[in-house]
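Q: sharing a model that was predicted from the sequence below.
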Amino acid sequence: MRSLIFAAGIAAIAIPLGAAQGAVFTVGGPLSRLCYQSALGQDGRASAVEGCTRALQEESLKPSDRAATLVNRGILKMVAGHGRDADADFDAALAIDQDLSDAWLNKGFLRLRQGDGREALPLLQEGINRNPERQALALFARGVAYEQMGEFRSAYGDLKRAHELEPRWSLPSEYLERYQVVSR
């Protein structure tokens, strides 16, 4: 019989911010493209958020580009520590497009950063169900949510699968190092 042991002494488990978010590409105007670049770079400065706001106000964006820009602005607000405002942007994006996996995933990432894996789990699952571009990232995040909930077997399975999908990405490996599978 094999048993899974989680290394003790790990207090708070959270996805490092840079690893979590995936900016949503937009083909809108120059301001929305700049907003996308700011989200990719995790630029939480007020000027970056303002650039996204200007894109939403001044550019004629198709609904899909508007939703993507809202997610990107939400990411910037999350980086800046404005969780409530970030969540409002993710919700606004979902009001436009319920199938936007990045909006669901970022809502989940926000809950993980708050240490609430139980609340993050259904949000992350919604994102996973919508086939995100980076499946490994989504599974990794769900693994972290399971860890926060103390469901270590499920966490291990997701972390292992994330590592298999993107073996060059070091974060899943780092998390897996805290686990030990033993035969009993």
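A: Cool, the structure landed.
Q: just the pLDDT at the residue lying closest to Arg33 once chain neighbours are set aside, thanks.
A: Once flanking residues are discounted, Arg33 sits nearest to Thr26: 6.6 Å by Cβ to Cβ, 6 or more residues apart in numbering. Glycine gets a C-beta too; all of them are placed from N, C-alpha and C. In the predicted model, Thr26 carries a pLDDT score of 71.
Q: contact partners for Thr26?
A: Ser32, Arg33, Cys35, Tyr36, Leu61, Ser64, Asp65, Ala68, Thr69, Asn72 (Cβ atoms under 8 Å, 6 or more residues apart in numbering).
Q: with pLDDT, distance to Ala86 and secondary structure added, can I get those residues in a markdown table?
A: Shown next, in a markdown table, are the contacts of Thr26 (pLDDT from 0 to 100; distance: Cβ to Cβ, whole Å; DSSP: H, G, I helix; E, B strand; the rest coil):
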| residue | pLDDT | distance to Ala86 | secondary structure |
| --- | --- | --- | --- |
| Ser32 | 92 | 18 | helix |
| Arg33 | 91 | 20 | helix |
| Cys35 | 93 | 14 | helix |
| Tyr36 | 90 | 16 | helix |
| Leu61 | 94 | 19 | coil |
| Ser64 | 94 | 20 | helix |
| Asp65 | 93 | 19 | helix |
| Ala68 | 93 | 15 | helix |
| Thr69 | 95 | 14 | helix |
| Asn72 | 94 | 11 | helix |
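Q: distance to Ala141 and neighbour count added to the residues you listed, as TSV?
A: What follows is the contacts of Thr26, written out as TSV (distance: Cβ to Cβ, whole Å; neighbours: other Cβ atoms under 10 Å):
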residue	distance to Ala141	neighbour count
Ser32	25	26
Arg33	26	18
Cys35	23	34
Tyr36	21	24
Leu61	28	20
Ser64	23	16
Asp65	25	23
Ala68	19	28
Thr69	22	28
Asn72	18	34
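Q: next, format these as CSV and append distance to Asp99.
A: Below are the contacts of Thr26 laid out as CSV (distance: Cβ to Cβ, whole Å):
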residue, distance to Asp99
Ser32, 20
Arg33, 22
Cys35, 21
Tyr36, 19
Leu61, 18
Ser64, 10
Asp65, 15
Ala68, 12
Thr69, 17
Asn72, 17
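Q: looking at the residues you listed, which is nearest Phe90?
A: The nearest member of those to Phe90, counting by Cβ to Cβ, is Asn72 at 10.6 Å.
Q: was I right about that closest one contacting Cys52?
A: Yes. The pair Asn72 and Cys52 passes the contact test of Cβ atoms under 8 Å, sitting 6.0 Å apart.
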